[in-house]
Each structure stands twice: as structure tokens, then as C-alpha cells.
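Participant: what's the 3D shape of this:
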Amino acid sequence: MAREYEAAGKSYKAARTTVTTLNERHRQLQIAQEESFERERHDRNFTSNFAETRLATCGVPTLNSMSVRIERQRELAKAKAKDSSPSKPTNKKLREGAHREHLNMQIRAADDEGADEPTEDENEAARKQWRVEVDPISNDTVYFHLQSKRVTRAKPKCFQVRIPKLQLPGNQVEKQDKRALLERYPDGWEIILPKEEVTRRELDEKRLQEAQDALLPQIRAFLETPEGEKRFQREVGTAKDAEEKLEKKMQRAAEKAAKSGKEISVKKAETLGELKARIAKREKLEFAEARVCEDNEELERGKARLGQGHAAFRHEVEQILLEKVAATVRQHLVRQQRDKAIAMGWRQEAERAADDLDDISSDDDDKPHESEDSDL
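Facilitator: Numbering: from 1, shown residues only. All right, here's what the predicted structure looks like:
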């Protein structure tokens with residue numbers, strides 16, 4: 001009996017050892033399978049992400065970008081379905097026409113020079129939507145949009161440095177008439193600004209002068225570059241063309257004046273129409289002679305300027321470019337100060353002061369006028 005118990009105990013121990021060994025082997029096999037599955041999934045994700053990034057960089061629509069577009073289309077469809085406005089175009093042609101009109105309005109608004117440029121806070125908020133990375137193959141800088149998962153090599157607008165446009169003759173803004181702005185105030189009145197406003201304007205003028213002084217070395221450095229040399233040669237060509245046009249215009253005016261200067265045979269009986277025509281012809285001749293004199297003087301001045309040499313003309317080109325850029329800088333600074341005044345509430349105070357001045361002027365109009373001696 002004891003032998004049987006001993007044999008049963010040995011067999012039980014052997015069976016338990018076998019079960020433990022099998023469980024351990026099964027656990028190790030399961031761990032190995034999970035590790036291999038995780039490794040394969042990571043490799044698949046890396047390959048798909050890398051391929052999608054490369055395709056998106058090349059401009060090819062990928063599954064991720066297409067899914068984003070599909071989600072956007074679904075959101076637009078839901079918004080249209082929830083829209084309960086009475087004027088909803090049901091015809092397809094009407095919808096296409098409305099869409100084209102909307103695009104045209106967007107294009108016109110983008111081309112409008114009076115459109116407000118994004119502020120620095122808006123640019124900073126837009127920059128947070130992008131992540132700057134480096135392409136591991138070409139070592140180029142790429143921009144990854146966090147929301148749309150779009151990758152581009154072109155620098156987005158929020159990362160670009162905004163350079164104000166030159167005030168060329170085609171897009172110059174008309175000068176404001178200061179008297180027209182103050183025509184509601186009587187002669188002899190003076191607008192007294194607050195001390196903060198006077199200090200701010202003096203500081204603005206100082207900054208503007210410093211900016212203009214800093215522009216001249218930049219223009220000189222620009223003229224030393226190949227692009228600057230091309231611009232200088234273009235200015236020289238423009239001056240030569242203007243001189244040739246002036247000479248041709250003077251020749252035509254001289255020929256016309258010579259033809260008009262012939263003696264007119266006086267008739268015995270001159271009608272009123274002939275008298276008016278003769279007077280008009282004489283006035284036209286006098287005007288042509290005055291134009292010829294002015295053109296001659298302008299030609300002499302131009303020859304004198306061109307005769308001063310390359311350095312003088314270069315200085316003139318620098319001054320012209322400085323005036324063009326300074327106008328843009330002044331306009332940009334005025335726009336910034338206007339936005340700052342709106343944000344700080346200074347414009348409301350200025351309007352309140354202007355209303356007070358209007359009330360004072362209306363009270364003075366009601367009172368009888370006193371003599372200057374009484375004021376003294």
C-alpha cells in the first residue's frame with residue numbers, strides 16, 4: 001500500500017511539473033507572438049506614414065488626406081442640411097453660379113489693397129498649426145499641418161516676411177487735404193492734442209526718420225548686387241527713353257509752331273467765326289511756344305543732370321527709391337498706429353474731444369462777438 005501511495009505521489013509530481021513546464025512554454029510563446037505582432041504593426045505604420053509623407057510632399061492625394069476631405073464634405077453636407085434659410089438655390093446651375101460668385105468675391109477681396117493684413121498675433125496662432133520638420137532624404141525643410149495632415153515644401157504665409165509694396169505711379173494713394181479735414185473748424189482755431197498723443201506722434205516721426213535713414217544703406221547695398229545693377233540700368237534706360245520722347249515732342253511742337261506762324265491773309269470783311277478761329281489759333285500758338293520753352297528748359301536741366309556723371313545719377317536713383325519706399329513705410333506705420341489707437345481706445349477719446357470742440361464752437365457762435373482789444 002505504501003508503495004502504491006509513493007508511486008502515485010511521484011506520478012502527481014511528474015504531472016504537475018509537466019503542466020508547469022507546458023504553461024511556461026505557452027506563456028513564452030504568447031509573449032513572442034505579441035512582440036512579433038507589435039513589431040510588424042510598427043513597421044507597417046512607419047512604412048505607411050513614410051510613404052504617405054513622400055506622396056503628400058509630391059502633391060499626390062493619399063488615403064489620409066482623402067479621408068480628411070471626405071470628413072469635411074460630410075460636415076459641409078450636414079451644415080447644408082441643417083440650414084433652414086428660405087433663399088436656398090435648388091438648381092444645380094444656380095448653385096454653381098453662386099459658388100463662382102463667392103470665389104470671385106474672395107479673389108477680389110484678396111486683390112484689394114485695402115484688405116487688412118494679418119496681425120502678429122494671428123500669424124503666431126497660424127504658426128502653431130504647423131510643425132517644421134526636416135526631410136530625412138533630401139534634408140529640406142518641410143511644413144506639416146497638424147489639422148489636415150498636409151505636408152508642403154512651400155513656406156506658408158504665416159512664416160513669410162511681409163514686405164510692403166512700393167508706391168508706384170499705378171497704385172499711389174491720393175494725398176489728404178489737411179484743410180478739408182479741418183474745414184468744420186473756424187479760421188484761427190487750433191486743435192490741441194493730449195500730451196500722450198503729441199508724445200506718440202513725435203516718437204512715430206522719430207521712428208519713421210530712423211527707418212528712412214536705415215533704408216538708404218540698404219538701397220546702396222541693393223544697387224551693388226546684380227539685381228540692383230539691372231535696376232540701375234533700367235532706370236538709365238527709362239531716363240534715355242524719356243529724353244528721346246521729349247526731343248521728338250519738341251520737334252513736333254516746333255514744326256507745328258512753324259506751320260502756325262505763317263502770315264494770315266487778312267480779308268476785307270472777316271466774319272465772327274473766322275475771328276474766333278484766328279484768336280483760338282493764336283492762343284494755341286502761344287501755348288505751343290510756352291510748351292516749347294518749358295521743354296527746352298527741362299531738356300537743359302536733364303542734360304545738366306546727365307552731365308554730372310554716374311555718381312550724380314546714382315544718387316538721384318537712390319533718392320527716388322527712398323521716396324517710394326518711405327511712402328510705403330509711412331502708410332504701414334500709420335495703419336499700425338491706427339490699429340493700436342483703436343485697441344487702446346485713443347480714437348474714442350479723440351472723437352469725444354472733437355465733439356467737445358464742436359459744442360464749444362456752437363456756444364461761441366451763439367454769443368456776441370467781442371473786439372480783439374477786450375481779449376487783450
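Participant: show me where pLDDT drops low in this structure?
Facilitator: Residues of the chain meeting the criterion pLDDT under 70: 1, 45-69, 83-90, 104, 106-116, 161-191, 261-270, 306-312, 347-376.
Participant: Show me what the top helix by length along it is packed against.
Facilitator: For the chain, the longest helix by residue count, based on DSSP state H, is helix 2-57. Applying 3 or more C-beta pairs under 8 Å, 6 or more residues apart in numbering; DSSP states H and E, one finds that helix 2-57 makes contact with helix 63-82, strand 151-152. Quick note: C-beta positions are derived from backbone N, CA and C, even for glycine.
Participant: Please repeat the previous calculation with a cut-off of 7 Å.
Facilitator: strand 151-152 (3 or more C-beta pairs under 7 Å, 6 or more residues apart in numbering; DSSP states H and E).
Participant: Could you list the paired strands of the strand it packs on along with their orientation?
Facilitator: Strand pairing for strand 151-152, determined by DSSP bridges: strand 141-145 (antiparallel).
Participant: okay, the strand it pairs with in PDB with CA atoms only?
Facilitator: Output of strand 141-145 as PDB, limited to C-alpha atoms (Å, rounded to 0.1, in the frame of the first residue of the first chain):
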ATOM      1  CA  THR A 141      12.700  71.900 -44.600                       C
ATOM      2  CA  VAL A 142       9.100  70.700 -44.800                       C
ATOM      3  CA  TYR A 143       6.000  72.100 -43.100                       C
ATOM      4  CA  PHE A 144       3.500  69.600 -41.600                       C
ATOM      5  CA  HIS A 145      -0.100  70.900 -40.900                       C
END
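Participant: Could you tell me which residues within that strand count as buried?
Facilitator: Across strand 141-145, burial judged by 16 or more other C-beta atoms under 10 Å covers 142-144.
Participant: from those, which is closest to Glu101?
Facilitator: Taking C-beta to C-beta as the measure, Glu101 lies nearest Tyr143 of the buried residues of strand 141-145, at 32.0 Å.
Participant: Quick check: the residue nearest to Val236 when sequence neighbours are not counted vs Ala304, distance?
Facilitator: Closest residue to Val236 apart from its sequence neighbours, by C-beta to C-beta, 6 or more residues apart in numbering: Phe313 at 7.1 Å. To Ala304, Phe313 is 11 Å away according to C-beta to C-beta, to the nearest Å.
Participant: and what of Ser11?
Facilitator: Counting by C-beta to C-beta, the gap from Ser11 to Ala304 is 126 Å.
Participant: and if you look at Lys206?
Facilitator: Distance of Lys206 to Ala304, computed by C-beta to C-beta: 36 Å.
Participant: Hmm, Glu300 and Glu243 touching each other?
Facilitator: No. If you go by C-beta atoms under 7 Å, Glu243 and Glu300 don't touch, sitting 11.5 Å apart.
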